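Asker: My questions concern the predicted model and sequence given below.
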Amino acid sequence: MDIKFSLNGKPATVDIAPRMTLADCLRETLGLTGTHLGCEHGVCGACTVLVDGKAVRSCLMLAVQIGGAQVVTVEGLSHDDKLTPLQSAFRKHNALQCGFCTSGMITTLHALLTNEPFADEERIRDVLSGNLCRCTGYVAIIEAALDARKAYQARAGEAA
């Protein structure tokens with residue numbers, strides 16, 4: 001099946017089997033390996049991408065479902081060679097160790113902070129409860145998210 005959609009801000013077309021997951025399509029067909037496959041049951045959050053601005057588990061979504069949608073992977077969050085404010089905050093607070101969960105954490109937090117730039121620590125913890133990390137203990141990840149809020153708040157102010 002031919003599927004047309006927007007991928008990281010650019011038009012994309014893929015010819016895929018109807019049963020292929022979005023995660024497999026991104027990794028195997030399109031070569032975007034920033035989306036990680038962990039549990040393949042939607043539990044760990046490592047495969048989280050943005051579909052029309054919403055954080056979704058790409059291991060649970062069929063690629064045929066993205067026809068006409070806007071898909072953003074961790075590779076598409078930055079539009080230049082610089083780190084995004086959220087990526088910079090992860091670096092500053094050492095909010096990653098092995099890095100396996102990082103792309104899912106960042107896309108999840110990006111969706112949250114884009115829609116709720118004033119999200120408090122409790123809200124951030126609640127949203128991240130669906131993303132598993134076996135290395136960091138989450139403290140640094142929460143600190144990075146709280147730090148990055150300033151950039152999202154500034155963007156929200158510009159949009160107003």
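Answerer: It's in. Source: prediction; values computed, not measured.
Asker: Can you list the residue ranges for helices in the protein?
Answerer: Remark: helices assigned in the chain by DSSP state H are 22-24, 85-92, 102-115, 121-128, 139-159.
Asker: Please produce TSV containing those, extended by distance to residue 72, mean neighbour count and mean pLDDT.
Answerer: Every C-beta, even on glycine, is put in place using the N, C-alpha and C of the backbone. Formatted as TSV, those follow (distance: least, Cβ to Cβ, whole Å; neighbours: other Cβ atoms under 10 Å; pLDDT from 0 to 100):
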stretch	distance to residue 72	mean neighbour count	mean pLDDT
helix 22-24	12	24	98
helix 85-92	13	19	96
helix 102-115	7	23	97
helix 121-128	17	15	97
helix 139-159	15	17	93
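Asker: Out of these, flag the one nearest residue 34.
Answerer: For residue 34, the closest of the helices of the chain is helix 102-115, at 4.8 Å, according to Cβ to Cβ.
Asker: Let me see the contact set for residue 142.
Answerer: Residue 142 makes contact with 121, 124-125, 128 under the criterion Cβ atoms under 8 Å, 6 or more residues apart in numbering.
Asker: what's the spacing between it and residue 121?
Answerer: For residue 142, the distance to residue 121 equals 6 Å [Cβ to Cβ, to the nearest Å].
Asker: got the helices of the chain as CSV, with distance to residue 33 columns?
Answerer: Output for the helices of the chain, formatted as CSV (distance: least, Cβ to Cβ, whole Å):
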stretch, distance to residue 33
helix 22-24, 11
helix 85-92, 17
helix 102-115, 9
helix 121-128, 23
helix 139-159, 22
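Asker: Looking at these, spot the one closest to residue 31.
Answerer: Once the helices of the chain are compared by Cβ to Cβ, helix 22-24 is nearest, at 11.9 Å.
Asker: Can you list the neighbours in contact with that closest one?
Answerer: Applying Cβ under 8 Å, 6+ apart, the contact partners of helix 22-24 are 35, 37, 40, 47, 49, 51, 56, 58-59, 61-63, 65-66, 71.
Asker: again, only this time at 7 Å
Answerer: 35, 37, 47, 58-59, 61-63, 66 (Cβ atoms under 7 Å, 6 or more residues apart in numbering).
Asker: which residues sit in contact with residue 76?
Answerer: By Cβ under 7 Å, 6+ apart, the contact set of residue 76 is 8-9.
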